[in-house]
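Enquirer: Provided below for reference: sequence and predicted model.
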Amino acid sequence: SPRGTPIELDIPSGPARHIDVFGVHPPPRECTGASTGSDDSGGGSGFLLGTKTIDIGANTEVTVGISFVAGTAAAVSCKGNSATLGLSGIFPEGGVIGTGISVNTNGGALKAGSTVAIGGATCTVTSETIPNFLQCTTGSHANGVVDVVITGPDGQSATLPNAYTYVTGTEFLTIDSNQSNTDFGTSASSTPVDHTFSVTNTGGALASGLGSSTVTGGGFSFKGGSYPGTGGTCAPSLSAGSTCTVVVTFNASGTVANFTGTITMNSATRAIKGRGI
(Lines give C-alpha, C1' and ligand atoms only; values in the text may rest on other atoms or scores of the structure.)
Protein backbone atom coordinates (compact mmCIF):
# COMPACT_ATOMS: atom_id res chain seq x y z
CA SER A 1 0.00 0.00 0.00
CA PRO A 2 1.16 3.62 -0.51
CA ARG A 3 2.77 5.36 2.42
CA GLY A 4 0.15 6.81 4.78
CA THR A 5 -2.50 4.20 3.96
CA PRO A 6 -3.98 2.74 7.18
CA ILE A 7 -3.57 -1.03 7.52
CA GLU A 8 -5.76 -3.00 9.91
CA LEU A 9 -3.87 -5.73 11.78
CA ASP A 10 -5.06 -8.31 14.28
CA ILE A 11 -2.38 -8.25 17.00
CA PRO A 12 -2.88 -10.00 20.39
CA SER A 13 -2.89 -7.57 23.29
CA GLY A 14 0.08 -7.48 25.61
CA PRO A 15 3.20 -5.59 26.52
CA ALA A 16 6.07 -4.79 24.15
CA ARG A 17 4.37 -5.95 20.96
CA HIS A 18 6.83 -5.70 18.09
CA ILE A 19 5.60 -4.51 14.67
CA ASP A 20 7.77 -4.82 11.55
CA VAL A 21 6.77 -3.22 8.24
CA PHE A 22 8.15 -4.79 5.07
CA GLY A 23 7.78 -3.55 1.53
CA VAL A 24 9.42 -2.87 -1.77
CA HIS A 25 11.51 0.28 -1.79
CA PRO A 26 12.64 1.47 -4.27
CA PRO A 27 10.14 0.11 -6.85
CA PRO A 28 10.40 -3.55 -7.93
CA ARG A 29 13.36 -4.46 -10.11
CA GLU A 30 14.93 -7.64 -11.41
CA CYS A 31 18.27 -8.99 -10.27
CA THR A 32 21.08 -8.60 -12.77
CA GLY A 33 23.11 -11.47 -11.38
CA ALA A 34 22.85 -14.09 -8.69
CA SER A 35 20.11 -13.17 -6.24
CA THR A 36 21.33 -12.52 -2.70
CA GLY A 37 17.85 -12.33 -1.23
CA SER A 38 16.14 -9.54 0.68
CA ASP A 39 15.84 -8.97 4.40
CA ASP A 40 13.16 -11.46 5.42
CA SER A 41 13.85 -11.30 9.17
CA GLY A 42 10.75 -11.49 11.31
CA GLY A 43 8.88 -13.54 8.74
CA GLY A 44 8.12 -10.60 6.48
CA SER A 45 8.50 -10.45 2.74
CA GLY A 46 10.52 -7.73 1.02
CA PHE A 47 12.70 -5.07 2.62
CA LEU A 48 12.40 -4.01 6.25
CA LEU A 49 11.16 -0.42 6.07
CA GLY A 50 10.13 0.31 9.62
CA THR A 51 9.72 -1.15 13.10
CA LYS A 52 7.98 -0.20 16.35
CA THR A 53 7.57 -1.76 19.79
CA ILE A 54 4.48 -0.77 21.77
CA ASP A 55 2.18 -2.01 24.52
CA ILE A 56 -1.18 -3.11 23.08
CA GLY A 57 -4.16 -3.20 25.46
CA ALA A 58 -7.11 -2.49 23.16
CA ASN A 59 -7.87 -1.28 19.64
CA THR A 60 -5.00 1.11 19.05
CA GLU A 61 -3.84 3.22 16.13
CA VAL A 62 -0.07 2.88 15.71
CA THR A 63 2.11 4.95 13.41
CA VAL A 64 5.27 3.24 12.19
CA GLY A 65 7.94 5.46 10.67
CA ILE A 66 9.10 4.35 7.24
CA SER A 67 12.68 4.75 6.13
CA PHE A 68 15.15 3.09 3.82
CA VAL A 69 18.72 3.50 4.99
CA ALA A 70 20.49 1.42 2.34
CA GLY A 71 20.36 4.30 -0.15
CA THR A 72 20.06 3.84 -3.89
CA ALA A 73 18.53 1.00 -5.84
CA ALA A 74 21.99 -0.25 -6.73
CA ALA A 75 22.58 -1.07 -3.06
CA VAL A 76 19.50 -3.25 -2.77
CA SER A 77 19.72 -7.02 -2.75
CA CYS A 78 16.82 -8.54 -4.61
CA LYS A 79 14.76 -11.59 -5.28
CA GLY A 80 13.15 -12.92 -8.43
CA ASN A 81 14.79 -13.25 -11.83
CA SER A 82 18.47 -14.03 -11.39
CA ALA A 83 19.02 -15.27 -14.95
CA THR A 84 22.35 -14.43 -16.50
CA LEU A 85 22.52 -13.20 -20.08
CA GLY A 86 24.53 -15.42 -22.42
CA LEU A 87 25.22 -15.73 -26.15
CA SER A 88 24.93 -19.12 -27.83
CA GLY A 89 25.65 -18.14 -31.44
CA ILE A 90 24.90 -15.92 -34.41
CA PHE A 91 23.80 -16.59 -37.98
CA PRO A 92 25.28 -15.84 -40.41
CA GLU A 93 28.81 -15.58 -39.00
CA GLY A 94 30.07 -12.89 -41.36
CA GLY A 95 29.29 -10.75 -44.36
CA VAL A 96 29.32 -7.32 -45.93
CA ILE A 97 28.09 -4.14 -44.24
CA GLY A 98 24.30 -4.16 -43.95
CA THR A 99 24.03 -7.92 -43.39
CA GLY A 100 21.06 -8.99 -41.33
CA ILE A 101 21.97 -11.45 -38.60
CA SER A 102 20.20 -13.42 -35.89
CA VAL A 103 21.79 -13.21 -32.43
CA ASN A 104 20.84 -16.21 -30.30
CA THR A 105 20.96 -16.01 -26.51
CA ASN A 106 20.79 -18.48 -23.67
CA GLY A 107 19.97 -18.21 -20.00
CA GLY A 108 16.49 -16.75 -20.58
CA ALA A 109 17.69 -13.25 -19.70
CA LEU A 110 17.26 -11.39 -23.02
CA LYS A 111 15.14 -8.29 -22.45
CA ALA A 112 13.43 -5.85 -24.77
CA GLY A 113 15.63 -2.88 -25.54
CA SER A 114 18.91 -4.82 -25.67
CA THR A 115 21.67 -3.51 -27.96
CA VAL A 116 24.25 -5.34 -30.07
CA ALA A 117 27.76 -4.22 -31.04
CA ILE A 118 29.86 -6.13 -33.55
CA GLY A 119 33.48 -5.14 -33.39
CA GLY A 120 32.33 -2.06 -31.50
CA ALA A 121 30.04 -0.96 -34.35
CA THR A 122 26.32 -0.79 -33.69
CA CYS A 123 24.23 -3.61 -35.14
CA THR A 124 20.81 -1.99 -35.48
CA VAL A 125 18.13 -4.16 -33.88
CA THR A 126 15.23 -4.81 -36.25
CA SER A 127 13.21 -7.36 -34.26
CA GLU A 128 13.21 -9.13 -30.89
CA THR A 129 11.88 -12.51 -29.82
CA ILE A 130 12.08 -12.32 -26.03
CA PRO A 131 13.77 -14.10 -24.28
CA ASN A 132 15.53 -16.13 -27.00
CA PHE A 133 16.98 -14.07 -29.84
CA LEU A 134 16.97 -10.82 -31.75
CA GLN A 135 17.80 -9.75 -35.28
CA CYS A 136 19.94 -6.79 -36.28
CA THR A 137 21.66 -5.22 -39.27
CA THR A 138 25.42 -4.71 -39.24
CA GLY A 139 26.94 -1.23 -39.48
CA SER A 140 30.10 0.14 -41.06
CA HIS A 141 33.36 -1.56 -40.06
CA ALA A 142 36.73 -2.48 -41.54
CA ASN A 143 37.27 -6.05 -42.73
CA GLY A 144 38.31 -8.56 -40.10
CA VAL A 145 37.28 -10.96 -37.35
CA VAL A 146 35.62 -9.29 -34.36
CA ASP A 147 33.71 -9.92 -31.12
CA VAL A 148 29.94 -9.79 -30.79
CA VAL A 149 28.61 -8.09 -27.63
CA ILE A 150 25.01 -7.87 -26.48
CA THR A 151 24.00 -5.51 -23.66
CA GLY A 152 20.68 -5.54 -21.87
CA PRO A 153 18.83 -2.48 -20.53
CA ASP A 154 19.72 -3.68 -17.01
CA GLY A 155 23.45 -3.42 -17.77
CA GLN A 156 24.10 -7.15 -18.20
CA SER A 157 26.29 -8.01 -21.18
CA ALA A 158 27.61 -11.11 -22.89
CA THR A 159 30.38 -11.55 -25.46
CA LEU A 160 31.12 -14.07 -28.21
CA PRO A 161 34.82 -13.61 -29.03
CA ASN A 162 35.95 -13.70 -32.67
CA ALA A 163 32.42 -14.62 -33.73
CA TYR A 164 31.85 -12.40 -36.78
CA THR A 165 33.88 -11.61 -39.91
CA TYR A 166 33.42 -8.40 -41.90
CA VAL A 167 34.22 -8.80 -45.62
CA THR A 168 33.81 -6.72 -48.76
CA GLY A 169 34.81 -8.17 -52.16
CA THR A 170 34.93 -11.87 -51.24
CA GLU A 171 32.43 -14.66 -50.66
CA PHE A 172 31.35 -15.56 -47.15
CA LEU A 173 29.45 -18.79 -46.61
CA THR A 174 27.69 -19.83 -43.42
CA ILE A 175 26.19 -23.29 -42.96
CA ASP A 176 23.15 -23.51 -40.70
CA SER A 177 24.27 -23.68 -37.05
CA ASN A 178 20.88 -24.47 -35.50
CA GLN A 179 21.40 -27.23 -32.94
CA SER A 180 18.24 -28.98 -34.04
CA ASN A 181 20.06 -29.55 -37.34
CA THR A 182 23.63 -30.15 -36.22
CA ASP A 183 22.55 -32.83 -33.71
CA PHE A 184 21.02 -35.73 -35.66
CA GLY A 185 19.92 -37.50 -32.51
CA THR A 186 19.72 -41.30 -32.71
CA SER A 187 19.79 -43.70 -35.66
CA ALA A 188 18.26 -47.06 -34.82
CA SER A 189 19.53 -50.15 -36.67
CA SER A 190 19.83 -49.15 -40.32
CA THR A 191 17.24 -46.36 -40.25
CA PRO A 192 18.76 -43.16 -41.68
CA VAL A 193 18.08 -39.67 -40.31
CA ASP A 194 18.02 -36.77 -42.81
CA HIS A 195 18.63 -33.10 -41.99
CA THR A 196 18.42 -30.12 -44.33
CA PHE A 197 20.94 -27.30 -43.87
CA SER A 198 20.59 -23.79 -45.25
CA VAL A 199 23.72 -22.24 -46.73
CA THR A 200 23.97 -18.46 -47.07
CA ASN A 201 26.47 -16.33 -48.98
CA THR A 202 26.55 -12.98 -47.18
CA GLY A 203 29.81 -11.90 -48.80
CA GLY A 204 30.35 -9.52 -51.67
CA ALA A 205 31.25 -12.00 -54.42
CA LEU A 206 30.10 -15.22 -56.08
CA ALA A 207 30.95 -18.42 -54.20
CA SER A 208 32.10 -20.97 -56.76
CA GLY A 209 33.52 -24.48 -56.58
CA LEU A 210 30.78 -25.73 -54.27
CA GLY A 211 30.51 -28.95 -56.25
CA SER A 212 33.59 -30.09 -54.32
CA SER A 213 31.82 -29.78 -50.96
CA THR A 214 32.22 -32.76 -48.63
CA VAL A 215 30.64 -34.47 -45.65
CA THR A 216 33.16 -36.40 -43.55
CA GLY A 217 32.83 -38.65 -40.51
CA GLY A 218 31.58 -42.20 -40.21
CA GLY A 219 27.83 -42.53 -40.74
CA PHE A 220 27.39 -39.15 -42.43
CA SER A 221 27.03 -38.37 -46.14
CA PHE A 222 25.13 -36.23 -48.59
CA LYS A 223 21.74 -37.88 -49.03
CA GLY A 224 21.85 -40.11 -52.11
CA GLY A 225 25.66 -40.09 -52.08
CA SER A 226 26.50 -36.80 -53.80
CA TYR A 227 26.29 -33.01 -53.38
CA PRO A 228 23.92 -31.28 -52.65
CA GLY A 229 22.05 -34.34 -51.37
CA THR A 230 18.70 -35.53 -52.66
CA GLY A 231 16.25 -32.63 -52.29
CA GLY A 232 19.01 -30.03 -51.81
CA THR A 233 18.89 -26.84 -53.90
CA CYS A 234 22.56 -25.76 -53.90
CA ALA A 235 24.32 -25.55 -57.26
CA PRO A 236 28.10 -25.49 -57.91
CA SER A 237 28.02 -21.73 -57.22
CA LEU A 238 26.05 -19.36 -55.02
CA SER A 239 25.56 -15.65 -55.72
CA ALA A 240 26.22 -12.98 -53.12
CA GLY A 241 23.13 -12.46 -50.98
CA SER A 242 21.65 -15.84 -51.87
CA THR A 243 20.69 -18.94 -49.89
CA CYS A 244 20.40 -22.60 -50.86
CA THR A 245 20.11 -25.96 -49.07
CA VAL A 246 22.03 -29.23 -48.76
CA VAL A 247 20.65 -32.48 -47.35
CA VAL A 248 22.82 -34.68 -45.14
CA THR A 249 21.93 -38.18 -43.95
CA PHE A 250 23.12 -40.05 -40.85
CA ASN A 251 23.07 -43.86 -40.73
CA ALA A 252 24.78 -45.66 -37.85
CA SER A 253 24.22 -49.03 -39.62
CA GLY A 254 23.46 -50.75 -36.35
CA THR A 255 26.61 -49.58 -34.56
CA VAL A 256 26.04 -48.43 -30.99
CA ALA A 257 28.36 -45.43 -30.65
CA ASN A 258 28.64 -41.66 -30.78
CA PHE A 259 29.40 -40.27 -34.24
CA THR A 260 30.84 -36.91 -35.26
CA GLY A 261 31.30 -35.39 -38.69
CA THR A 262 31.89 -32.16 -40.61
CA ILE A 263 30.20 -30.46 -43.52
CA THR A 264 32.75 -28.47 -45.57
CA MET A 265 31.84 -26.00 -48.31
CA ASN A 266 34.85 -23.97 -49.42
CA SER A 267 36.10 -22.29 -46.23
CA ALA A 268 32.82 -22.81 -44.36
CA THR A 269 32.50 -25.77 -42.00
CA ARG A 270 29.85 -27.07 -39.64
CA ALA A 271 30.35 -29.80 -37.01
CA ILE A 272 27.60 -32.42 -36.81
CA LYS A 273 26.92 -35.33 -34.47
CA GLY A 274 24.63 -38.30 -33.92
CA ARG A 275 24.33 -41.54 -31.97
CA GLY A 276 23.70 -45.09 -33.09
CA ILE A 277 21.51 -47.31 -30.93
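Expert: Structure's in. What do you need?
Enquirer: Please make it C-alpha for all contacts and neighbour counts, starting now.
Expert: Fine.
Enquirer: Wait, a helix at Gly211?
Expert: Yes: Gly211: assigned to a helix according to DSSP: H, G, I helix; E, B strand; the rest coil.
Enquirer: what sits against it?
Expert: Going by Cα atoms under 8 Å, 6 or more residues apart in numbering, Gly211 touches Tyr227, Pro228, Ala235, Pro236, Ser237.
Enquirer: And Asp194, by the same measure?
Expert: Asp194 sits in contact with Phe184, Lys223, Val247, Val248, Thr249, Phe250, where contact means Cα under 8 Å, 6+ apart.
Enquirer: Quick check: nearest residue in space to the last one, chain neighbours excluded?
Expert: Pointing back at Phe250 there. Counting by Cα to Cα, 6 or more residues apart in numbering, Phe250 lies nearest to Phe220, which is 4.6 Å off, once chain neighbours are set aside.
Enquirer: what's downstream of the helix or strand hosting Gln135, the next helix or strand?
Expert: Here Gln135, judged by DSSP states H and E, is contained in strand 133-137. Remark: after strand 133-137, the chain's next helix or strand is strand 144-151, criterion DSSP H and E.
Enquirer: So the residue nearest to Phe250 sits against Asn258, correct?
Expert: No: between Phe220 and Asn258 there is no contact under Cα atoms under 8 Å: 12.0 Å.
Enquirer: Look at these two and report which has more neighbours.
Expert: It is Phe220, of Phe220 and Asn258, that has more neighbours when counted by other Cα atoms under 10 Å, with 26 against 14.
Enquirer: ok, the more buried one to Ile101 distance?
Expert: 28 Å (Cα to Cα, to the nearest Å).
Enquirer: Against Ile97, how distant is Ser180?
Expert: 29 Å.
Enquirer: Of those two, which one has the most company?
Expert: Remark: of Ser180 and Ile97, Ile97 carries more neighbours, 20 against 10, as counted by other Cα under 10 Å.
Enquirer: The more buried one: what's it in contact with?
Expert: Counted by Cα under 8 Å, 6+ apart, Ile97 has contacts Thr138, Gly139, Ser140, His141, Tyr166, Val167, Thr168.
Enquirer: picking up where we left off before, for the residue nearest to Phe250, report the pLDDT, please.
Expert: Phe220 carries a pLDDT value of 97.
Enquirer: And it, how far from Asn266?
Expert: 18 Å.
Enquirer: burial of Gln161, as a residue count?
Expert: Small correction: residue 161 is Pro, not Gln. By other Cα under 10 Å, neighbour count at Pro161 equals 12.
Enquirer: now do Val193
Expert: 18.
Enquirer: Surely it touches Ser187?
Expert: Yes: under the criterion of Cα under 8 Å, Val193 makes contact with Ser187 at 6.4 Å.
Enquirer: what is in contact with these two at once?
Expert: Residues touching both Val193 and Ser187 (Cα under 8 Å, 6+ apart) are Phe250, Asn251.
Enquirer: Would you map the helices across the stretch 1-150 of the chain?
Expert: Shown for the stretch 1-150 of the chain, no helices are assigned by DSSP state H, counting those that start in this stretch.
Enquirer: still on that earlier bit, so what's the residue nearest to Phe250 up against?
Expert: So Phe220 contacts Val248, Thr249, Phe250, Asn251, Gly261 (Cα under 8 Å, 6+ apart).
Enquirer: Which residues does the third one form beta bridges with?
Expert: Going back to what we said before, that points to Phe250. Beta-bridge partners of Phe250, counted by DSSP bridges, are Val193, Phe220.
Enquirer: now the residue positioned nearest the centre of the chain, nearest residue through space, not along the chain?
Expert: Centroid check for the chain by Cα atoms, centre = their mean gives Thr105 as the closest residue, at 1.1 Å. Excluding the flanking residues, the one nearest Thr105 by Cα to Cα, 6+ apart is Leu87, at 4.3 Å.
Enquirer: What residues of stretch 162-170 count as buried?
Expert: By 16 or more other Cα atoms under 10 Å, the buried positions in stretch 162-170 come out as Ala163, Tyr164, Thr165, Tyr166, Val167, Thr168, Thr170.
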